[in-house]
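Chemist: pasting the sequence and the predicted coordinates here, then a few questions.
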Amino acid sequence: MQVRQRLGDVVQAPFDLSQLPGVQYTSPPGDPGLFGPESVSWRVGSDWPSALVGGMSGLILGTLHPLVLAGTLDHSVFRRDPIGRLARTASFVMATAFGSTEVANGVVDYVNHLHLRVSGTAPNGNRYSATDPDLAVWTHVTIYGGFLDGHLRYAPNPIGGRQIDEYWAEVARVPQMLGAESVPGSRYEVEDYFRRVRPELEASRDAYDSARWVLDGGKGDTPTVRDSAAALVKAWGDLMPGPAAQALQERILKPASAGAVRLAYSIFARSAVDLLPEWGRTMLNLKSSPLAHPLTRAYFTTLRLAVPTTPRALREARARAAAG
């Protein structure tokens, strides 16, 4: 089991990139963090493949809000490395979900500080600011909703019924710490929120291009592919040290890792589009492939048979919480 877990950590290595400052999950002993081991949030985040697909889908849907998108394009490297942006968002979600109370408060303070510098004018002429509580709600609902949708569609033992409402009630705490107000706290409130906000959304050229950047991020020699492949090679090297392993890395592991990243990314991208609500796909002119769902299920089933898919962060958080 230890060898299988180590192999699982190797496979996870590309998804541990772009951690926010100060993020760790091992201390202090006994600290359950914002939610704790018995929370629905920990269960929703217990399978990293479904979480990754959901996060990508949420990022794509988020491009439809013109003010949020303008802030993203004007104040980040989203155009050059959209999945790097997703990785940093995922780091924030993981840190607030599984980190200690101190870590969670630290990343919230860090993001609040960054948001003070994010303001400007969108192409539609409206002013935007990352400190706007309404924009924080949109980002929250799309990202956390994406993680939930990925969990419900692809996790081995998904939650259901009232647990879905419990999830929304739990995670509402995070945007509130970022200054958001009137955060939806149940699936019905989320549905009502989307009905109310849809007139504000725009299927602009920037939104379409941004969605394509996310979906194409695993193609070619992009920062996403290079960094993910390098992380995979390094993880293999740590597992198999020595001169022979070095030669193996150069001749086989480097090209194979890049190929594996591209294959996985193409599956994740198709699945992310499939997870979008029909109105979101229509606005972004994206088509759902009939093969996306069965292909992803088969891929995830094979992956789970080969390695554990519990995030390392959750494994360490469980050990930390139990150590008190």
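Modeler: Structure's in. What do you need?
Chemist: at which residues are the helices of the stretch 151-300 of the chain located?
Modeler: 162-171, 173-177, 187-197, 205-215, 223-239, 243-248, 254-275, 278-284, 292-306 (DSSP state H, counting those that start in this stretch).
Chemist: mean pLDDT lowest where, among the ones you listed?
Modeler: Here the lowest mean pLDDT among the helices of the stretch 151-300 of the chain goes to helix 243-248, at a mean of 59.
Chemist: list the contacts of residue 115.
Modeler: Residue 115 makes contact with 129-131, 178, according to CB atoms under 8 Å, 6 or more residues apart in numbering. C-beta here means a position set from N, CA and C on the backbone, and glycine is covered the same way.
Chemist: returning to what we had before: now the helices of the stretch 151-300 of the chain as JSON lines including distance to residue 71 and mean neighbour count?
Modeler: Output for the helices of the stretch 151-300 of the chain, formatted as JSON lines (distance: least, CB to CB, whole Å; neighbours: other CB atoms under 10 Å):
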{"stretch": "helix 162-171", "distance to residue 71": "22", "mean neighbour count": "19"}
{"stretch": "helix 173-177", "distance to residue 71": "16", "mean neighbour count": "19"}
{"stretch": "helix 187-197", "distance to residue 71": "16", "mean neighbour count": "14"}
{"stretch": "helix 205-215", "distance to residue 71": "12", "mean neighbour count": "19"}
{"stretch": "helix 223-239", "distance to residue 71": "21", "mean neighbour count": "19"}
{"stretch": "helix 243-248", "distance to residue 71": "44", "mean neighbour count": "12"}
{"stretch": "helix 254-275", "distance to residue 71": "22", "mean neighbour count": "20"}
{"stretch": "helix 278-284", "distance to residue 71": "19", "mean neighbour count": "16"}
{"stretch": "helix 292-306", "distance to residue 71": "30", "mean neighbour count": "14"}
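Chemist: if we compare the ones you listed, which one ends up closest to residue 140?
Modeler: Smallest distance to residue 140 across the helices of the stretch 151-300 of the chain (CB to CB): 4.0 Å, for helix 173-177.
Chemist: from the chain's centroid, how far away is that closest one?
Modeler: The chain centre lies 17 Å from the centre of helix 173-177; the measure is CA atoms, centre = their mean, to the nearest Å.
Chemist: so what touches it?
Modeler: Residues outside helix 173-177 that contact it (CB under 8 Å, 6+ apart) are 34, 96, 105, 108, 136-137, 139-140, 144, 183.
Chemist: at 6 Å what do you get?
Modeler: With contacts defined as CB atoms under 6 Å, 6 or more residues apart in numbering, helix 173-177 is touched by 96, 108, 136, 140, 183.
Chemist: all good on my end, thank you.
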